[in-house]
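Engineer: got a structure for you, letters missing:
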């Protein structure tokens, strides 16, 4: 899940960077935080069964271990902005990279289930920081003419991180002869799955030494000469650097620091537009998308698919997620936001209904019948495709555009918090719900997908083609 940061238009908007390749490198390095966001969020998919077996815990306790990282996510997201404003964007990235590294090592070598939960919270804190600081930094260093395309690097990095985590899990499982608890060089396979994240985490940390600090932060701490050097590096040497710095300073002085009180339409009620933002965030999660990334391997094994195949299907789902994300990035400015989410809701509702039907079939020798099994697999991939090409990307576009300037920052924070809470609710409840009735669980997700259609039609306004100043 990512947020979009908005910065004042550039006085050098017509200028192109002298070294576009270098700007792309800077953006890609910052987007490594998004890669780790996706990787760490999804890698748990490959170890669920092993953790349950090793520590002999029930569905409810297992769900809390999986979902507890989201507590760290919420804290990290809530504090990252203030940390970055105090010590800088680059140092904030380094802290995030360090936490990812520590979490990977600790999660791979836990003493017990409670120890593992602590490392999961630390990893979640890193995810939360990465979800905020990456988009903010990329927006602040991107030339205006390229800001939209470079800003999409963060979302692309997230879905690639999800896919790579599934591919790595699949490869490790193959080396362990299909056993999540199989021995590999003195550790169980699931421990390697969690520990491998050390590699991209260290790379992320090293890359932060190769990219400059944000000009906006440098100006805020009085380092104007260095800010001019960075602006010349990422925008153009031909722009009037003194005027550019003055423009940024003026914009920063004019910014309204929105607070929670600004969101209230009455003593105990949010403004209508804030409720719409909260609704978008809730529906994005309540359709059950994170089940596909946290529990899909376990889900397929529960209906009779062998472990290696279940990991392979998790990987193919991630590839579909990437394809859908690319489609959304191409279409969002062409066809508009509302048409995409309405198409996505319809496609998701149909796919989820087919999944509910397939999972209602009685198991034969521990497996779904052939027809129902095929339908379940195809429907799961279709569901992820329609989510990715609509709600997965477009909700964040909406949230970045729909709020008036005076409340944008605070409203985004509330909407993001609602999203983390809904994410936690789905993640924590799925194991118990699936044990109760797997088909019934998917009927619940189908209902939310259906309800999202009238919600969008009645309450969500199109933001395509409008300036941020026209919102509200």
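Structural biologist: Sure thing, it's come through. Fair warning: this is a prediction, and the values are worked out from it, not measured in the lab.

Engineer: helices of the stretch 101-250 of the chain, start to end?
Structural biologist: In the stretch 101-250 of the chain, the helices defined using DSSP state H, counting those that start in this stretch lie at 113-141, 147-175, 189-195, 198-207, 215-220, 224-234, 241-254.

Engineer: contacting residues for the residue of the chain most remote from its centre?
Structural biologist: Using C-alpha atoms, centre = their mean, the residue of the chain lying farthest from its centre is residue 365. It sits 37.7 Å away. By C-beta atoms under 8 Å, 6 or more residues apart in numbering, residue 365 lies in contact with residue 304. (Glycine included, C-beta is placed from N, CA and C.)

Engineer: same question, residue 413
Structural biologist: Shown in contact with residue 413 (C-beta under 8 Å, 6+ apart): residue 78.

Engineer: can you give me the separation between it and residue 37?
Structural biologist: Using C-beta to C-beta, to the nearest Å, residue 413 is found at 18 Å from residue 37.

Engineer: for residue 302, same thing?
Structural biologist: For residue 302, the distance to residue 37 equals 27 Å [C-beta to C-beta].

Engineer: who has more neighbours out of the two?
Structural biologist: residue 37 (28 against 18; other C-beta atoms under 10 Å).

Engineer: where's that one, which helix or strand?
Structural biologist: For residue 37, the host element (DSSP states H and E) is helix 32-43.

Engineer: rewinding a little: which of the helices of the stretch 101-250 of the chain has the lowest mean pLDDT?
Structural biologist: Lowest mean pLDDT within the helices of the stretch 101-250 of the chain: helix 241-254, a mean of 78.

Engineer: what are the buried residues along it?
Structural biologist: Within helix 241-254, the residues scored as buried using 16 or more other C-beta atoms under 10 Å are 241, 244-245, 247-248.

Engineer: and the gap between the closest residue to residue 272 other than its chain neighbours and residue 283?
Structural biologist: The shortest distance from residue 272 to any non-neighbouring residue, by C-beta to C-beta, 6 or more residues apart in numbering, is to residue 265 (6.8 Å). Distance of residue 265 to residue 283, computed by C-beta to C-beta: 21 Å.

Engineer: more neighbours, these two?
Structural biologist: More crowded of residue 265 and residue 283, by other C-beta under 10 Å: residue 283, with 22 against 12.

Engineer: and the more buried one, what element?
Structural biologist: Element membership of residue 283 [criterion: DSSP H and E] is helix 272-286.

Engineer: from residue 229, how far out is residue 158?
Structural biologist: Counting by C-beta to C-beta, the gap from residue 158 to residue 229 is 31 Å.

Engineer: which of the two has more residues huddled nearby?
Structural biologist: More neighbours surround residue 158 than the other of residue 158 and residue 229, with 29 against 15 (other C-beta under 10 Å).

Engineer: quick one: the strands in this protein?
Structural biologist: 183-184, 187-188 (DSSP state E).

Engineer: out of those, flag the one nearest residue 172.
Structural biologist: Closest of the strands of the chain to residue 172 is strand 183-184, at 7.1 Å (criterion: C-beta to C-beta).

Engineer: which secondary structure elements does that closest one sit against?
Structural biologist: Judged by 3 or more C-beta pairs under 8 Å, 6 or more residues apart in numbering; DSSP states H and E, strand 183-184 has no packing partners among the helices and strands.

Engineer: tally up the residues packed near residue 185, please.
Structural biologist: The burial count for residue 185: 6, using other C-beta under 10 Å.

Engineer: now it. Its backbone dihedrals?
Structural biologist: phi 50, psi 40 (degrees, to the nearest 10).

Engineer: quick check, pLDDT for it.
Structural biologist: 87.

Engineer: that one: what's it in contact with?
Structural biologist: Neighbour list for residue 185: empty [criterion: C-beta under 8 Å, 6+ apart].

Engineer: from residue 274, how far off is it?
Structural biologist: 52 Å.

Engineer: can you say which of the strands of the chain is nearest to residue 291?
Structural biologist: When those are compared by C-beta to C-beta, strand 187-188 sits nearest residue 291, at 24.7 Å.

Engineer: any residues touching the closest one, and which ones?
Structural biologist: Identification of contacts with strand 187-188 by C-beta under 8 Å, 6+ apart yields 50, 54, 108, 176, 180-182, 195.

Engineer: repeat that for 6 Å
Structural biologist: The contact list for strand 187-188 (C-beta atoms under 6 Å, 6 or more residues apart in numbering) reads residue 181.

Engineer: partner strands of that strand and their direction?
Structural biologist: Strand pairing for strand 187-188, using DSSP bridges, gives strand 183-184 (antiparallel).

Engineer: give me the residues contacting stretch 165-183.
Structural biologist: Applying C-beta under 6 Å, 6+ apart, the external contacts of stretch 165-183 come out as 39, 42-43, 46, 49-50, 184, 188-190, 192-193, 196, 307-308, 311-312, 314-315, 318.

Engineer: ugh, wrong one, I meant stretch 281-301
Structural biologist: 42, 44-46, 48-49, 66, 310-311, 313-314, 317, 348, 384, 387, 391, 395, 415, 418-419, 422-423, 426-427, 430, 445, 448-449, 452.

Engineer: buried subset of these?
Structural biologist: 42, 44-46, 48-49, 66, 310-311, 313-314, 317, 348, 384, 387, 391, 395, 415, 418-419, 422-423, 426-427, 430, 445, 448-449, 452.

Engineer: doesn't residue 60 make contact with residue 52?
Structural biologist: No. Assessed by C-beta atoms under 6 Å, residue 52 is found out of contact with residue 60, at 11.3 Å.

Engineer: who has more neighbours, the two?
Structural biologist: Neighbours per residue, other C-beta under 10 Å: of residue 52 and residue 60, the larger number sits with residue 52, 19 against 12.

Engineer: quick check: phi and psi on residue 142?
Structural biologist: Dihedral angles for residue 142 - degrees, to the nearest 10 - are phi -80, psi 140.

Engineer: the helix holding residue 37: how far from the chain's middle?
Structural biologist: In terms of C-alpha atoms, centre = their mean, to the nearest Å, the centre of helix 32-43 is set 8 Å apart from its chain centre.

Engineer: likewise for stretch 322-329?
Structural biologist: 14 Å.

Engineer: go on, stretch 410-424?
Structural biologist: Per C-alpha atoms, centre = their mean, the centroid offset for stretch 410-424 relative to its chain is 12 Å.

Engineer: cool, stretch 141-160 as well?
Structural biologist: For stretch 141-160, the distance to the chain centre is 14 Å (C-alpha atoms, centre = their mean).

Engineer: quick one: buried residues of that stretch?
Structural biologist: Neighbour-count burial for stretch 141-160 flags 141-147, 150-160 (criterion: 16+ other C-beta under 10 Å).
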